[in-house]
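*Asks:* Okay, sequence plus prediction incoming.
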Amino acid sequence: METFDKVIDSSIAYLVGRTSRSIIKRLTKKFFDAGFDVSYEQWSILVHLYRKDGQTQQELSNIAVKDKAAITRLLNVLEKKNIVLRIPDRNDKRSKLVYLTNKAKEFKTELIAVVEELLEEAKTDVSQEEMEQCKVTLNKIFSNFDRLNHKDK
């Protein structure tokens, strides 16, 4: 049993998952404390719309690495909060484009400031070199699984 615990507790999947849950919990609290009714999951959609407004749900699904049902649920909540709106695509009537509302555009800078504060907290006792190497390694691991996931389709 000791070997099993050692393997599990030191696996990259366990460590990344644990870190991810901790980041999600911290950022959601920071958004709440700053007066924003935005969860980490909702932020994960907003960030892509801040980069490029007017994307389809399928584009958001691909870039956020979430299934269509999860995107639909997130957009339903964001729409109820008057943060996004969905407009039929003129070129493809079956598709809707997702746009940020003025409300979302107005608090963009403040949300980003909260995220930047979180990122600074993450760097505590971590050198710039360690942070860069971690990013490189995580991106390589993501690419490995992304390639395998696309191959399996």
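*Replies:* That came through, no problem. Numbering: from 1, shown residues only.

*Asks:* got a pLDDT number for M1?
*Replies:* Predicted confidence (pLDDT) for M1: 53.

*Asks:* In three-state terms, how would the residue sitting nearest the centre point of the chain be classified?
*Replies:* Centroid-nearest residue in the chain: S44, 2.9 Å away (criterion: C-alpha atoms, centre = their mean). Classification of S44 by DSSP: H, G, I helix; E, B strand; the rest coil places it in helix.

*Asks:* if I read this right, it contacts A64, doesn't it?
*Replies:* Yes - using C-beta atoms under 8 Å, S44 is in contact with A64, at 5.5 Å. To be clear about C-beta, it is placed using only N, CA and C from the backbone, and glycine gets the same treatment.

*Asks:* helix or strand for I87, which one?
*Replies:* Using DSSP states H and E, I87 sits within strand 84-88.

*Asks:* Please apply the same query to V98.
*Replies:* V98 belongs to strand 96-100 when assigned by DSSP H and E.

*Asks:* Off-centre distance for that strand?
*Replies:* Here strand 96-100 is found 17 Å from its chain centre; the criterion is C-alpha atoms, centre = their mean, to the nearest Å.

*Asks:* Which strands and helices lie in contact with it?
*Replies:* Secondary-structure packing of strand 96-100 (3 or more C-beta pairs under 8 Å, 6 or more residues apart in numbering; DSSP states H and E): helix 40-51, strand 55-56, helix 57-64, strand 84-88.

*Asks:* In JSON lines: those, plus mean pLDDT and distance to K25.
*Replies:* Converted to JSON lines, the helices and strands packed on strand 96-100 look like this (pLDDT from 0 to 100; distance: least, C-beta to C-beta, whole Å):
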{"stretch": "helix 40-51", "mean pLDDT": "94", "distance to K25": "8"}
{"stretch": "strand 55-56", "mean pLDDT": "93", "distance to K25": "27"}
{"stretch": "helix 57-64", "mean pLDDT": "91", "distance to K25": "19"}
{"stretch": "strand 84-88", "mean pLDDT": "94", "distance to K25": "24"}
